[in-house]
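**Student:** Here is a sequence with its predicted model. Questions after.
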Amino acid sequence: MANTSASQGTHVAAHLLSLAHPPATVSRIFTEKVKLRPLHLKPGENPTPSGRAYRRTLRLQAASKLKKKRKPQPLSAAEKRATGLHSIPSEQQKYAIFEPLHQLWTGYINEILGPGRPISGPVAAKLASADYHGALVQVARSRCTSRVGVKGIVVKDTKFTFEIITEENELKVLPKEHTIFRFEVRDDAEADESKDMQVDKAAKKILVFELHGDQFQHRAVDRANKKFKQHFLPDL
């Protein structure tokens, strides 16, 4: 209280209040109105930015807007390999897993061939541009003799290779270069008719085709949009 009185005695406001109020009221008013009065400061003004800083701000704003509008960039080939985006996990490299895919492909290729199976130029062009994911292919001829006879379901058709799953649940990569692949298509119409007539399975019509890998070095998506024409190949 002595400190308060001393501080009040040295302050002009306390002296003026003591002329009109008792000491208790003076102490209360002085504490509330003078000591605890909030001090409002005028906010400082930002310095005027230089022309260089202003242009930099505009560039950053434009880059931010462009980044928001820009579509996400696709992964590069190296990033796809590093992440294993298109690789098949070892636990899924099972022949039984891809058998339904082969059944779907059989129906797909039968639709391309059509009824009666007339193998004409347009049909051959469709076969050349068809998708062979799910086809059951076998190496008929190859410069690498160890690959001859390898058979499996195509799980990946790249530009230069076929990746197949064999019945032994092995994933094999077969180069298309200097290799001839063979695949068979069973005639569903003939098969249904033979069932009705109870004909032996040997009498069912099976079409056998051969793919020359040297002339088949295209990605599946590129073959779908490519027009194939008949021409003479001197190496065949």
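**Tutor:** That came through, no problem. Computed from a predicted model, the values in this text were never measured in an experiment.
**Student:** Could you pull out the strands in this protein for me?
**Tutor:** With DSSP state E as the criterion, the chain has strands at 136-142, 151-157, 161-165, 171-175, 179-186, 206-212.
**Student:** The first one - which strands sit beside it in the sheet, and in what orientation?
**Tutor:** To tie it back to what came earlier, the one meant is strand 136-142. Note on strand 136-142: by DSSP bridges, its sheet partners are strand 151-157 (antiparallel), strand 179-186 (antiparallel).
**Student:** could you give the angle of the first one to strand 161-165?
**Tutor:** By that I understand strand 151-157. Inter-element angle recorded for strand 151-157 and strand 161-165: 130 degrees (by axes from the mean of the first three to the mean of the last three CA atoms, to 10 degrees).
**Student:** buried stuff in strand 151-157?
**Tutor:** Gly152, Ile153, Val154, Val155, Lys156, Asp157 (16 or more other CB atoms under 10 Å). Bear in mind the C-beta positions are built from the backbone N, C-alpha and C, glycine included.
**Student:** ditto for stretch 170-178
**Tutor:** Under 16+ other CB under 10 Å, the buried positions of stretch 170-178 are Leu171, Lys172, Leu174, Pro175, Lys176.
**Student:** sorry, back to before: tell me the one of the buried residues of strand 151-157 nearest Gly51?
**Tutor:** Of all the buried residues of strand 151-157, the one with the least separation from Gly51 (CB to CB) is Lys156, at 57.8 Å.
**Student:** still on that earlier bit, between the strands of the chain, which one is closest to Lys67.
**Tutor:** Using CB to CB, the nearest of the strands of the chain to Lys67 is strand 151-157, at 34.9 Å.
**Student:** Name the residues that touch the closest one?
**Tutor:** The contact list for strand 151-157 (CB atoms under 8 Å, 6 or more residues apart in numbering) reads 86, 88, 95, 98-99, 101-102, 131-139, 162-167, 170-172, 219-220.
**Student:** Thanks again, I'm all set now.
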